[in-house]
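[1] Structure, please.
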Amino acid sequence: MDWLSPLTLAEIIAICKEYQIYVSDAARRKREKMVSLIQTFHEDARVIFEQRRDCKKNAALPNKRKSDLPVQGPRKKMKNSGPSAGINGDDTMDKSDEITLPSIVNNNHITTSPEFLHIPSQNELRDCQAEFLQAISPSAVREAVCAVCALLCWEHECSVVNVRNIPNAGRLQPADQDRHPAQVLIAGMLLEEKGVIEVKGKCSATLCGACLQDLHRDKIPRYSLSNKMWIGNIPHQLSCLTIPEQLLLSPIYPHCFIFKMYPKGGAQDDPTCLQSGLHGNVTSYPMNTDEIFSMLQGHMLPRPMEILPSIISGTYVGVSNLPKHWLKSTFRIWRRVVLEALEWLIEHNKCFSEYTVDQAVMASLPKDDVPLEILASMRQETSSHILLREHDSMCLVIVSLQHESYMLESHLLVWYSQ
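    Below is the predicted model of the structure:
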């Protein structure tokens, strides 16, 4: 007799299996080894076995004669004895025998987890709320620009390092053959100016974790500007161009744009703050190479405005009329802006060095207005449910232009050669 009597070896093994307690095959073969192993368990684990032992002792009825017990028929053998069943395969179990706390075994020690569906206390709720507010606080979602790779990263994932203390700074120096007159070196390194902070005459650089790790290993960061990733800033002459103005200066037309505009609500008389972004999808179609080649004949820019209806199309979904001034910030053409951009491209971009300014076409451009060619290509759809049905089947979203008064959606159609 031992301290686990009257539990049998099979019942002890079943308890171990129920609470996911690992027992070696050697201990399973002999009761003495099993009992000795259980004695080395944590006190919480031994309590489980003691409760099962006491439960079985209390189940015996020594004061009740067998003749007083009701006559029962032959018992059927239980095929399923899962964790919800008793040790002997019975479907019911004494309340004293119910163990509801799952346990985890680690190095022969069992720790019971909190009670299932435990109601949190006020302190726990307060801690959870504090963690949630900290996770969405401005400091947690603040962004920073890495001075090495110019990528936008989370500020809490970056490190601020003094420029003089950047490890292996020689890895950030551009090669002589990659130098460009527009590059600005800081302490001999090619860094993104937005990621460099100067306080009281001391320069510090914001470095993301990946770049800082590569520099500690004396490696060139993969996306560092010095690793032939520098493209410079977009000049103002090009950054202010609208889509129609960009198309007039494009030597080729690999794609066309289809815009869809529909009301969103909000201010109806303030066109100055309508546009905020673009979204849409891309669809590919075969391209007629011969017609495209004939369209590209000549070396004069800008292209005539008659080509705009072929590459720009718009649909307004709504019952009311679309005011013309709503389209101005998106589809406007400004003659002076187009001329300045073309002159900059001819001077600085070798791909435009053979092109000349077509003065006749330039004179036909509006000074600052939406061309009639674009207005004539606009269509109106009064059934708003058509747009909702299209959105239900749309799965690839890349570009969109949102408005306070209407949503502008750009569908980019890409042609490819057969």
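
[2] is it true that Pro235 touches Trp344?
    Yes - counting by Cβ atoms under 8 Å, Trp344 is a contact partner of Pro235 at 6.1 Å. Every residue, glycine included, has its C-beta placed from N, CA and C.

[3] quick one, what contacts the nearest residue to Ala187 once chain neighbours are set aside?
    Using Cβ to Cβ, 6 or more residues apart in numbering and skipping the chain neighbours, the partner closest in space to Ala187 is Val163 (4.9 Å). Shown in contact with Val163 (Cβ atoms under 8 Å, 6 or more residues apart in numbering): 186-187, 189, 191, 196, 203-205.

[4] Let me know the closest of those residues to Cys256.
    Leu191 (39.5 Å; Cβ to Cβ).

[5] tally of neighbours for that closest one?
    Leu191 is flanked by 28 other residues according to other Cβ atoms under 10 Å.

[6] Ok, the one 5 residues further on next?
    A count of nearby residues for Val196, using other Cβ under 10 Å, gives 17.

[7] And Thr356, by the same measure?
    Thr356 has 12 neighbours, counted by other Cβ under 10 Å.

[8] Please name the residues that touch the closest residue in space to it that isn't next to it in sequence.
    Take Thr356 and drop its neighbours on the chain: the residue closest to it by Cβ to Cβ, 6+ apart is Met300, 5.6 Å away. Taking Cβ under 8 Å, 6+ apart, we find Met300 in contact with 355-358, 361.

[9] For ChimeraX, write the select line for the buried members of the residues you listed.
    Of these, the buried ones go into a single ChimeraX selection, burial set by 16 or more other Cβ atoms under 10 Å:
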select :355,358,361
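
[10] does Lys260 count as helix, strand or coil?
    strand (DSSP: H, G, I helix; E, B strand; the rest coil).

[11] partner residues bridging it?
    Thr315, Glu409 (DSSP bridges).

[12] What count of nearby residues applies to it?
    23.

[13] For the stretch 151-300 of the chain, just list every one of the strands.
    Ranges of strands within the stretch 151-300 of the chain are 152-154, 158-162, 185-186, 189-190, 196-199, 202-208, 255-263, 282-287, 300-301, based on DSSP state E, counting those that start in this stretch.

[14] Would you mind telling me which of these is nearest Gly170?
    That would be strand 189-190 among the strands of the stretch 151-300 of the chain, by Cβ to Cβ, at 8.6 Å.

[15] List the strands paired with the closest one, with their directions.
    Sheet pairing of strand 189-190 (DSSP bridges) gives strand 185-186 (antiparallel).

[16] any weak-confidence spans in the stretch 1-150 of the chain?
    The stretch 1-150 of the chain contains residues with pLDDT under 70 at 60-117.

[17] do that again at 90, thanks
    1-121, 124, 134-141 (pLDDT under 90).

[18] on that earlier part again, in JSON lines: the strands of the stretch 151-300 of the chain, plus distance to Pro366 and mean pLDDT.
    Formatted as JSON lines, the strands of the stretch 151-300 of the chain follow (distance: least, Cβ to Cβ, whole Å; pLDDT from 0 to 100):
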{"stretch": "strand 152-154", "distance to Pro366": "37", "mean pLDDT": "92"}
{"stretch": "strand 158-162", "distance to Pro366": "46", "mean pLDDT": "93"}
{"stretch": "strand 185-186", "distance to Pro366": "43", "mean pLDDT": "90"}
{"stretch": "strand 189-190", "distance to Pro366": "42", "mean pLDDT": "93"}
{"stretch": "strand 196-199", "distance to Pro366": "42", "mean pLDDT": "88"}
{"stretch": "strand 202-208", "distance to Pro366": "44", "mean pLDDT": "92"}
{"stretch": "strand 255-263", "distance to Pro366": "19", "mean pLDDT": "75"}
{"stretch": "strand 282-287", "distance to Pro366": "30", "mean pLDDT": "67"}
{"stretch": "strand 300-301", "distance to Pro366": "17", "mean pLDDT": "87"}
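
[19] Thanks a lot, catch you later.
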